[in-house]
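S.K.: Next come a sequence and a model predicted from it.
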Amino acid sequence: MRIEEIELDDGKWEIEGRDAAGAEIEIDLRATDGMVIKMERDRPAAARAQP
């Protein structure tokens, strides 16, 4: 994963980046212990553009 942005907001780390295929990834971690609160992954643009 290539991290593009990290922000601490309301007691959680909000991390945004891209995986090796170029898909956007968003992960929220609880700041107190690093537990994953939310993880979302969007398909890369190349995968969405189907003929």
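M.R.: Yes, it's here.

S.K.: With adjacent residues omitted, what lies nearest to Lys38?
M.R.: For Lys38, the nearest residue in space outside its immediate sequence neighbours is Asp28; the separation is 4.3 Å by CB to CB, 6 or more residues apart in numbering. For glycine as for every other residue, the C-beta is placed from the backbone atoms N, C-alpha and C.

S.K.: swap that for Ile3, please
M.R.: With sequence-adjacent residues excluded and distances taken as CB to CB, 6+ apart, Ile3 is closest to Gly17, at 4.3 Å.

S.K.: all strands of this structure, in order?
M.R.: Secondary structure of the chain by DSSP state E: the strands cover 2-9, 12-18, 24-30, 36-41.

S.K.: Would you reformat the ones you listed as JSON lines and include mean pLDDT and mean neighbour count?
M.R.: Putting those into JSON lines (pLDDT from 0 to 100; neighbours: other CB atoms under 10 Å) gives the following:
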{"stretch": "strand 2-9", "mean pLDDT": "96", "mean neighbour count": "10"}
{"stretch": "strand 12-18", "mean pLDDT": "97", "mean neighbour count": "16"}
{"stretch": "strand 24-30", "mean pLDDT": "97", "mean neighbour count": "16"}
{"stretch": "strand 36-41", "mean pLDDT": "96", "mean neighbour count": "11"}
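
S.K.: what is Glu40 paired to in the beta sheet?
M.R.: Taking DSSP bridges as the rule, Glu40 bridges to Glu26.

S.K.: wait, doesn't it sit right on Asp28?
M.R.: No - counting by CB atoms under 8 Å, Glu40 sits too far from Asp28 to count as a contact (9.0 Å).

S.K.: re the thing from before, doesn't Glu14 make contact with the residue nearest to Lys38?
M.R.: Yes - in this structure, Asp28 is within contact of Glu14 by CB under 8 Å, at 5.5 Å.

S.K.: if I pick the residue minimising distance to the centre of the chain, what's in contact with it?
M.R.: With distances taken as CA atoms, centre = their mean, the residue of the chain nearest its centroid is Glu26 (1.9 Å). Remark: with contacts taken as CB atoms under 8 Å, 6 or more residues apart in numbering, Glu26 is in contact with Glu14, Ile15, Glu16, Lys38, Met39, Glu40, Arg41.
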